[in-house]
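J.: A predicted structure for the sequence below; I have some questions about it.
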Amino acid sequence: MGRIIGIDLGTTTSEIAYLYNGKPKIVKNTEGDHIIPSVVGLNENNILIFGKHAKRQLTLAPGKTVQEIKRLMGSNAKVKMGDKEYLPQEISALLLKYLKQCAEEYLDEEVEEAVITVPAMFNDLQRQATKDAAFIAGLKVERIINEPTAAALAYGLNNLDKDQKVLVYDLGGGTFDVSILEMFEGIMDVKVSRGNNALGGKDFDERLMNYIFDEAYRLYEINLKKGDAAVLQRVKEAAESAKIDLSSKKYILYRL
Amino acid sequence: MFDRSIKTLIFIIDQIDVMHKFALTTQNESLATSTSNVLKIITKSINEIGLVEIPSLGEIFNEEVHNCIKAVKCPEKRHHEIVEVLKKGYRLNGEVIRPADVIAVE
């Protein structure tokens, strides 16, 4: 029997982990990345591409690239990629198959089973669509786990002695979920989970970009918003870097 | 540490690139020639340590080495031809360490 992997199939990015000496270890793809954009595409030669490679052509070939498929899971929406139409679980399956392949290359062994996380708010249809996607990808779903439960497990909260309630914040790239977990006698139960499907790290980037635009105008009367693509890209990168740095620092200095 | 040094080196070259692009917009020919010469010297030096710029301008977009920031309409150019390089991409000893940020034809 192959090894079981854990997959965080996110709206904007996905991650794979496995247990190594009883502790979770993150799998890296062949490019050395452990955070893989949840993007699928067809390149110029109609060959399937995934992750950062697919993301790079999103602006250039939007008709041949699909992102944020998780938002459509459980629906019958048809998604066009190139000349063909796909169901959301079929696109998700392509992504899962790629993640399976990444894990197999990293671990140098066959992977047949997976534990996949889904938002606590996912209904039965959405959960079933996720299972279907895994099946198409050649993965047996060992278990579907709620994302906040997985986060709590990762922090070892299941090992606490006391029965208590825990608040889990899951701030992703494009979504934000807050859940209350109740723990009693070693069991973790999601009591309530609410979220905003249109709030995530990307919005922080946008706010910081607007702050830079406003300050540049206020201090120097320069309208960076009207700058060319190179200017906008520099501001975007600065905003994203600032967001990351400000997670651990009080102040940062950026030169554009 | 090595990775960080390479990243810092690329960051410095980026700044000189910006300076060169600005020099080209001025009417000052000697300034443009100077910055161009500085870049030539830098290119030769980085090549010697295995750091090589990824060819981009005039090439057809390739997601392995290019990152499209903007797509434009340009009937006289080829499909997916790169018409502007916003930030150069680099390979280190053959491995892509940064794709080039580009503008390409739809």
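T.: Yep, it's here.

J.: Tell me where chain B has helices.
T.: In chain B, the helices defined using DSSP state H lie at B:2-25, B:29-48.

J.: Mind listing what's buried along the longest one?
T.: Yep, that's helix B:2-25 we're talking about. Residues of helix B:2-25 classed as buried by neighbour count (16 or more other CB atoms under 10 Å in any protein chain shown): B:6, B:9, B:10, B:13, B:17, B:20, B:23. Every C-beta, even on glycine, is put in place using the N, C-alpha and C of the backbone.

J.: Select, out of the helices of chain B, the one closest to chain A.
T.: helix B:2-25 (7.9 Å; CB to the nearest CB).

J.: The closest one to helix B:29-48, inter-axis angle?
T.: 160 degrees (axes from the mean of the first three to the mean of the last three CA atoms, to 10 degrees).

J.: Show the average pLDDT along helix B:2-25.
T.: Across helix B:2-25, the average pLDDT comes to 91.

J.: Equivalent analysis for stretch B:96-106, please.
T.: Stretch B:96-106 comes out at a mean pLDDT of 96.

J.: which other residues reach stretch B:73-90?
T.: With contact meaning CB atoms under 8 Å, 6 or more residues apart in numbering or on different chains, stretch B:73-90 is reached by A:44, A:60-61, A:229-230, A:233, B:10, B:13-14, B:17, B:51-54, B:56-61, B:65-67, B:69, B:72, B:96-106.

J.: Run the chain-centre distance for stretch A:248-256.
T.: Distance, stretch centre to chain centre, for stretch A:248-256: 26 Å (CA atoms, centre = their mean, to the nearest Å).

J.: thinking again about what came up before, list buried residues within the contacts of stretch B:73-90.
T.: Buried subset of the contacts of stretch B:73-90 (neighbour count, 16+ other CB under 10 Å): A:44, A:60-61, A:230, A:233, B:10, B:13, B:17, B:51, B:53-54, B:56, B:59, B:61, B:65-67, B:69, B:98-105.

J.: The helices of chain B into TSV, with extra columns for distance to residue A:199?
T.: Shown next, in TSV, are these (distance: least, CB to CB, whole Å):
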stretch	distance to residue A:199
helix B:2-25	31
helix B:29-48	42
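
J.: hang on, the earlier thing: near chain A, from the buried residues of helix B:2-25?
T.: The subset of the buried residues of helix B:2-25 within reach of chain A, counting by CB under 8 Å from any CB of the partner chain, is empty.

J.: Which member of these is positioned nearest residue A:213?
T.: Set against residue A:213, the nearest of the buried residues of helix B:2-25 by CB to CB is residue B:17 (23.1 Å).

J.: what residue ranges in the stretch 151-256 of chain A score low on pLDDT?
T.: A:156-160 (pLDDT under 70).

J.: now the strands for it?
T.: Applying DSSP state E, counting those that start in this stretch to the stretch 151-256 of chain A gives strands spanning A:164-171, A:176-184, A:187-196.

J.: so residue A:208 makes contact with residue A:242?
T.: Yes - here residue A:208 lies in contact with residue A:242, judged by CB atoms under 8 Å, at a distance of 5.5 Å.

J.: Mind pulling up the pLDDT for residue A:2?
T.: On pLDDT, residue A:2 comes in at 71.

J.: what do you get for the one 10 residues further on?
T.: As summarised for this prediction, residue A:12 has a pLDDT of 91.

J.: Give me the distance between it and residue A:48.
T.: Between residue A:12 and residue A:48 the distance is 19 Å, computed by CB to CB, to the nearest Å.

J.: and those two? which has more neighbours close in?
T.: A direct count of neighbours by other CB atoms under 10 Å in any protein chain shown for residue A:12 and residue A:48 places residue A:12 higher, at 19 against 15.

J.: Without its sequence neighbours, what residue ends up closest to that one?
T.: What sits nearest to residue A:12 in space, not counting adjacent residues and going by CB to CB, 6 or more residues apart in numbering or on different chains, is residue A:173, at 3.3 Å.

J.: residues contacting the one you found?
T.: Shown in contact with residue A:173 (CB under 8 Å, 6+ apart): A:10, A:11, A:12, A:13, A:200, A:201, A:202.

J.: let's see it at 6 Å
T.: The neighbours of residue A:173, taking CB atoms under 6 Å, 6 or more residues apart in numbering or on different chains as the test, are A:12, A:13, A:200, A:201, A:202.

J.: go on, residue A:202?
T.: Applying CB under 6 Å, 6+ apart to residue A:202 gives the contacts A:173, A:174.

J.: Next one: it relative to chain B, how far apart?
T.: 16 Å (CB to the nearest CB, to the nearest Å).

J.: And for residue A:236?
T.: 9 Å.

J.: Could you tell me how many residues sit around that residue?
T.: Neighbour tally, residue A:236, other CB under 10 Å: 16.

J.: now it, nearest residue through space, not along the chain?
T.: Counting by CB to CB, 6+ apart, residue A:236 lies nearest to residue A:209, which is 6.0 Å off, once chain neighbours are set aside.

J.: what about the helices in chain A?
T.: Under DSSP H, chain A gives helices at A:51-56, A:88-107, A:124-136, A:147-154, A:201-220, A:229-245.

J.: need those helices in a markdown table with distance to residue A:191, can you?
T.: Formatted as a markdown table, the helices of chain A follow (distance: least, CB to CB, whole Å):
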| stretch | distance to residue A:191 |
| --- | --- |
| helix A:51-56 | 35 |
| helix A:88-107 | 28 |
| helix A:124-136 | 18 |
| helix A:147-154 | 10 |
| helix A:201-220 | 26 |
| helix A:229-245 | 31 |
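
J.: Compare these and give me the one nearest residue A:185.
T.: Among the helices of chain A, the nearest to residue A:185 by CB to CB is helix A:147-154 (15.3 Å).
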